[in-house]
Each structure stands twice: as structure tokens, then as C-alpha cells.
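**Student:** What follows is a predicted protein model with its sequence.
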Amino acid sequence: MTVTVRAGEALPPLHIPITRTLIVSGALASRDYQDVHHDAEAAREKGSPDIFMNILTTNGLVGRYITDHFGPRVHLRKVAIRLGAPNYPGDEMVLTGEVTSVADGTAEVAVTGTNGIGRHVTGTVTVELPTGSPTGAVR
């Protein structure tokens, strides 16, 4: 099925429960062994109330959000994100997005992820749409 992609299109929100397992497994999978991502006591000693998600896990979740929406044939060309409020266990992050431009077979999507204390992530993702469908993606 071909879906037309237009500037101004809102992506449906994605609700992600922030669990201790997600935080620790994301840090381990990305080889980020900083103790603040797996050791609550060490995190508290460094001024954090608990362990918190690393940027590489957030980056992966943003990528997942985009490919879940546009489908497996889309190519992520650029992911540019900035972190804000930490993701702590027991919270929920809600990713939202809006297509800001479509041109020459690519689309740019503004992405925001919020949690209970504010904006966790903001940024843009540039995707290459499937060949033969310069303004649409196959789902």
C-alpha cells in the first residue's frame, strides 16, 4: 500500500514505558557501561535520583518510531537529536512527530519525546522514501 507523505502530516504518538530493564538493556546493547545507567546507588551518589536512559537508547527509539510509521523500506539518512529531561524508571515517554518537508524523495520529520518531567528529546530525522515513490512510503 502506498501512502502519500505531506508536509504538516502528524505521526501518531508512540507511548513507551520507561522500565529499569529498558534502561539497562539499552545501555548494555550500546556498550555504554557508565554506572549511572545501571547502578541506582552510583547514580544517586552522582546527584541523580535513579538510573537514567542513555542517548544511544533514545536515538534507537526515535529511529524505531520513524521506521514503524514509514515502513521497513524507508532509509534513515540523518538523525539529529538533543536530550533534555532524563528518562527515569517508572515514567513513560511519548514520542510525537510532524513531517516538516518533503522534497526529492526525502522527508524531514520533527520529533519530540516527552515524559513526566518535560521534554526528553527533540530533533529532526531525515528519511529517504522508497524508490519509485518520491512522495510516498510503502507500509
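**Tutor:** Nice, I can see it. Numbers count the residues shown, from 1 in each chain.

**Student:** pLDDT weak spots in the chain?
**Tutor:** Scanning the chain for pLDDT under 70 picks out the ranges 1-3, 132-139.

**Student:** Show me where it has its helices.
**Tutor:** Ranges of helices in the chain, per DSSP state H, are 20-29, 40-45, 55-70.

**Student:** mind giving me JSON lines with those and columns for mean neighbour count?
**Tutor:** Where C-beta positions appear, they are placed from N, C-alpha and C, glycine not excepted. Formatted as JSON lines, these follow (neighbours: other Cβ atoms under 10 Å):
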{"stretch": "helix 20-29", "mean neighbour count": "16"}
{"stretch": "helix 40-45", "mean neighbour count": "14"}
{"stretch": "helix 55-70", "mean neighbour count": "19"}
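
**Student:** farthest residue from the center of the chain?
**Tutor:** Centroid-distance maximum for the chain: residue 45 at 28.3 Å, with Cα atoms, centre = their mean.
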